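J.: Got a predicted structure plus its sequence, pasted below:
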2 protein chains.
Amino acid sequence: MRVKGREKPVDLDHSLGIVAFVGKSLSDENRLRILLSLGNGKKTVSTIVEEMNLSQPLVSHHLKELRRCLLVNVERKGLFVYYEIADERVIDIVRELAHLGTDLLAKRDSF
Amino acid sequence: MRVKGREKPVDLDHSLGIVAFVGKSLSDENRLRILLSLGNGKKTVSTIVEEMNLSQPLVSHHLKELRRCLLVNVERKGLFVYYEIADERVIDIVRELAHLGTDLLAKRDSF
DNA sequence: TCAATATATCAATGATAGTTGATGTATTGA
DNA sequence: TCAATACATCAACTATCATTGATATATTGA
């Protein structure tokens, strides 16, 4: 009995490397904050630095990680470097993880 | 303009700690394999050890991590300890991450 | 070419995480 | 109580990672 047919077929076993790779980006709170901030539109590094209240090298480092995982795109315009979300689906996934996480916590705390 | 109304409201900013917490479990390939294996039903530790071809202490360690993140439930029955997925949604999320990851890779490789 | 601004990189440090082999603990049956 | 089985924990090692401060690179305008 198939309960859910809404998903395209994917060979999960052969994708786990990629999943772990992307998952790593979702395992750090600062990167998540940056990612969500970029969800509101393309931004320069210095804008992110101000918003996040993090040091510029640290922001650059996390952006590099997000770039390595292909989660953001980069574009230079004069002095400024703009970062943007590569695929909006990652925001949805973060939202689902937030739901799941809060539900799991709520369930635990009710015991 | 609200584009997507299908999500329940969640205060993302206040959930990022939990998201990072759960995300950490999705950042290791061995844990992902264990998690997906448990997606097929409740299993004992020794069964997982055989399926994964990993050492028993290593499997126990990862199960402990998954427990810490509330992603699995445990139940002892005599000599055996059974683990099961706490919330099936995590499987869906892994599947979405797999889609996203493969798409991102495909996009990159086409340049 | 020089100064100023934006961003990236480097070196170093401390913390965390994955792995392994040995050992401990719990449960059951004899 | 003893042996056997299943699982957890521990100690130790290594690798990875987040963070910081200093420095390098790139772009622009004067």
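T.: Perfect, thanks for sending it. The model shown is predicted, which means the values in this text are computed figures rather than measured ones. Residues are numbered from 1 along each chain as shown, chains lettered A, B, ... in the order given.
J.: what helix or strand is the residue nearest to the spatial centre of chain A on?
T.: By C-alpha atoms, centre = their mean, chain A has its centre lying nearest to residue A:35, at 4.8 Å. Taking DSSP states H and E as the definition, residue A:35 sits inside helix A:29-38.
J.: Tell me which other helices or strands that helix touches.
T.: Helix A:29-38 is packed against helix A:45-52, helix A:56-68, strand A:80-85, helix A:89-109, helix B:12-25, with contacts defined by 3 or more C-beta pairs under 8 Å, 6 or more residues apart in numbering or on different chains; DSSP states H and E. Bear in mind the C-beta positions are built from the backbone N, C-alpha and C, glycine included.
J.: what angle do that helix and helix A:12-25 make?
T.: 90 degrees (axes from the mean of the first three to the mean of the last three C-alpha atoms, to 10 degrees).
J.: Show the model's pLDDT score for residue A:7.
T.: At residue A:7, the model reports a pLDDT of 55.
J.: for residue A:69, same thing?
T.: Looking at residue A:69, its pLDDT stands at 96.
J.: what about the closest residue to it other than its chain neighbours, neighbour count?
T.: Excluding the flanking residues, the one nearest residue A:69 by C-beta to C-beta, 6 or more residues apart in numbering or on different chains is residue A:25, at 4.6 Å. Neighbour count of residue A:25, defined by other C-beta atoms under 10 Å in any protein chain shown: 23.
J.: Tell me who's in contact with residue A:80.
T.: A:44-46 (C-beta atoms under 8 Å, 6 or more residues apart in numbering or on different chains).
J.: where in chain A is pLDDT low?
T.: A:1-9 (pLDDT under 70).
J.: Is residue A:75 in a helix, a strand, or coil?
T.: Here residue A:75 is recorded as strand under DSSP: H, G, I helix; E, B strand; the rest coil.
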